[in-house]
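Chemist: Mind looking at a prediction? Sequence and model below.
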Amino acid sequence: MKGLWVKDLLILASQWKLLIGFILIAGLNGVISGGGSNIFVFFFMVFFFMSLATTLIAYEQQNNGYDYLFTLPIKRSTYIWEKQLIMVALAVFASVISIIVVFILSFLETSIIFNLTNLLYLAFGATLFGCFYGALAMPLIIRFGSENGRIVMFGMVALFIVGGILVEKTNLFSGILQSGWFQQITQLTILPFAGLILLLMALIILISAFASQRSLKSVLT
């Protein structure tokens, strides 16, 4: 697994110019929009890093890369778990960078308040979003390829958004917001909230790893 980590980190390091560009875009939006920009910064950065993570799979699919890769002493399960772990690491890294960006913006724009506790809640939420996005993308890209996998994924996301809009138009959404269990979640302190997020992340990763191994098996057989 160490060799896979080194390879992927070197590929990611080669994208440093793109990373700086996205940080500048997030920062510029923060200066323009003021205090309401924190959510944008976090989710924008997490989405960017998850998109980078999916390109790692695309690199290995090019020029029959799987045929070469699995002639090496690398198990399919090892490959899948390395990709899952690097996606989690990138989601966490994106949230850390977002906190730093907001900290810098708080000196440039007085309407932006640096509240570490609130930012940690936001960071955990953004990290969960990143894991969900990566968990959805990974088995689809492995199964259908980079381009087709993204088309299928965006189609599923579109259906999810449409479903969310339909739910919002009904009393179901307001019922969820007013339910006792949702109120309890919103009142959690940072440690129980972090524990809940980590539990959900673990569940999402396990499901994605199982689906990804099935996708990889179908591609290689």
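Modeler: Received it, and whenever you're ready, just let me know what you need.

Chemist: Secondary structure element for the nearest residue to residue 124 once chain neighbours are set aside, which one?
Modeler: Nearest residue to residue 124, sequence neighbours excluded (CB to CB, 6 or more residues apart in numbering): residue 197, at 4.4 Å. The way it works is simple: take the backbone N, C-alpha and C, and place the C-beta from them, glycine included. Element membership for residue 197, per DSSP states H and E: helix 190-220.

Chemist: cool, and residue 72?
Modeler: Counting by DSSP H and E, residue 72 is part of no helix or strand.

Chemist: what about the closest residue to it other than its chain neighbours, is that helix, strand or coil?
Modeler: Among residues not flanking residue 72 along the chain, residue 3 sits closest, at 7.9 Å (CB to CB, 6+ apart). Under the three-state scheme (DSSP: H, G, I helix; E, B strand; the rest coil), residue 3 adopts helix.

Chemist: burial count for residue 3?
Modeler: Per other CB atoms under 10 Å, the neighbour tally for residue 3 reads 11.

Chemist: I'd like the next helix or strand past the helix ranked longest in the chain.
Modeler: Longest helix in the chain by number of residues, with DSSP state H as the criterion: helix 76-108. The C-terminal neighbour of helix 76-108 among helices and strands, as given by DSSP H and E, is helix 116-144.

Chemist: counting contacts, what elements does that following helix pack onto?
Modeler: If you count contacts as 3 or more CB pairs under 8 Å, 6 or more residues apart in numbering; DSSP states H and E, helix 116-144 packs onto helix 38-61, helix 76-108, helix 146-169, helix 190-220.

Chemist: Could you tell me the least trusted of the ones you listed?
Modeler: Least confidently modelled of the helices and strands packed on helix 116-144 is helix 146-169, at a mean of 65 by mean pLDDT.

Chemist: Tell me which residues of the helix holding residue 197 come out buried.
Modeler: 193-194, 197, 201, 204-205, 208-209, 211-213, 215-216 (16 or more other CB atoms under 10 Å).

Chemist: contacting residues for the residue nearest in space to the middle of the chain?
Modeler: Per CA atoms, centre = their mean, the C-alpha nearest to the average position across the chain is that of residue 130, at 1.7 Å. Applying CB atoms under 8 Å, 6 or more residues apart in numbering to residue 130 gives the contacts 46, 47, 49, 50, 87, 90, 91, 94, 95.

Chemist: Let's have the residues you listed in CSV, adding neighbour count.
Modeler: Formatted as CSV, the contacts of residue 130 follow (neighbours: other CB atoms under 10 Å):
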residue, neighbour count
46, 28
47, 17
49, 24
50, 23
87, 25
90, 25
91, 27
94, 27
95, 27
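
Chemist: ok, so of those residues, who is nearest residue 9?
Modeler: residue 90 (10.3 Å; CB to CB).
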